[in-house]
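Novice: Okay, predicted coordinates and the sequence, questions at the end:
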Amino acid sequence: MLDYEWDLWKSGKRLVAGIDEVGRGCLFGDVVAAAVVLPEGLEIEGVNDSKKLSEKKRDELYDIIRDKAIAIGIGRADAATVDAINIKQAARLAMKRALEELSATVEPDYLLVDAEKVDSPIRQLAVIHGDALSQSIAAASIIAKVTRDRLCLQWDMDYPEYGIAVHKGYATKAHREAIVQYGASPMHRRSFLGGILNEQLELF
């Protein structure tokens, strides 16, 4: 998980930022990105792709990463932005915002990005499946995932009829049925709903 980082550290790039996003496939809510710079040589046991970790483990690692990191930035793009510029561009925008927040604390020397390019003059590498190959990207994945999951708990209080706290806005059967029953909320990505609003419950 540190091969990419060690190559960069050895070349003199001391401040390596990992960047990742979550919520790309959701029907509801923001896409959330994180940028994380960890100290040179630090290895955090258990850090991995956030999707491979239990909620309890993610929460534990979230606290460790926040404690150990040199700097962390969070960026978001809401459902209206997703609808306006498409999900790929919204995810890239959230990543850019996360990097901007991080850079207010420390300017990274290099970016490791999960399968994407960030709009920044800083040299960077897009790493396919980076959240499973780079500790820095995996740390960003965990920070972004826990941040978004906690936002889902808040959103669930505003829109309890959709069950956001349970499925986190993904296209589960229960979520699709709730959209059919109650219609789309202001936080739903209408460009993702397709024919859901015109479907009958028995089709699900």
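Specialist: Structure received.
Novice: how about the strands in the chain?
Specialist: If DSSP state E is used as the criterion, the strands of the chain fall at 16-22, 31-37, 71-77, 110-114, 124-127.
Novice: what sits against residue 123?
Specialist: 109, 110, 111 (CB atoms under 8 Å, 6 or more residues apart in numbering). Every residue, glycine included, has its C-beta placed from N, CA and C.
Novice: mind pulling up the phi and psi values for it?
Specialist: The phi/psi pair for residue 123 (degrees, to the nearest 10) reads phi -60, psi 140.
Novice: can you check the one 5 residues further on too?
Specialist: Here is the backbone geometry of residue 128 (degrees, to the nearest 10): phi -70, psi 130.
Novice: distance of the closest residue in space to it that isn't next to it in sequence from residue 91?
Specialist: Once its chain neighbours are removed from consideration, residue 128 has its nearest residue in residue 115; the separation is 5.1 Å (CB to CB, 6 or more residues apart in numbering). Note on residue 115: its distance to residue 91, by CB to CB, to the nearest Å, is 10 Å.
Novice: Please say which of those two ends up with more neighbours.
Specialist: When residue 115 is set against residue 91 and neighbours are counted by other CB atoms under 10 Å, the residue ahead is residue 91, at 23 against 13.
Novice: so what's the more buried one scoring on pLDDT?
Specialist: At residue 91, the predicted lDDT confidence score is 98.
Novice: Check residue 49 too.
Specialist: Reported pLDDT at residue 49 in the predicted model: 89.
Novice: before we move on, what about residue 195?
Specialist: For residue 195, the pLDDT comes out at 81.
Novice: Relative to residue 175, how far out is it?
Specialist: Residue 195 sits 15 Å away from residue 175, going by CB to CB.
Novice: coming back round to it: in a markdown table, list the contacts of residue 123 along with distance to residue 129.
Specialist: Rendered in a markdown table, the data for the contacts of residue 123 read as follows (distance: CB to CB, whole Å):
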| residue | distance to residue 129 |
| --- | --- |
| 109 | 23 |
| 110 | 19 |
| 111 | 17 |
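Novice: Among those, which one sits closest to residue 84?
Specialist: In terms of CB to CB, no member of the contacts of residue 123 lies closer to residue 84 than residue 111, at 25.4 Å.
Novice: Pull out the buried residues from the longest helix along the chain.
Specialist: Scanning the chain for the helix with the most residues, using DSSP state H, yields helix 135-158. Of the residues in helix 135-158, those scored as buried under the neighbour-count criterion (16 or more other CB atoms under 10 Å) are 135-149, 151-152, 155-156.
Novice: Stretch 47-56 now?
Specialist: Of the residues in stretch 47-56, 47, 48, 49, 50, 53 count as buried by neighbour count, 16+ other CB under 10 Å.
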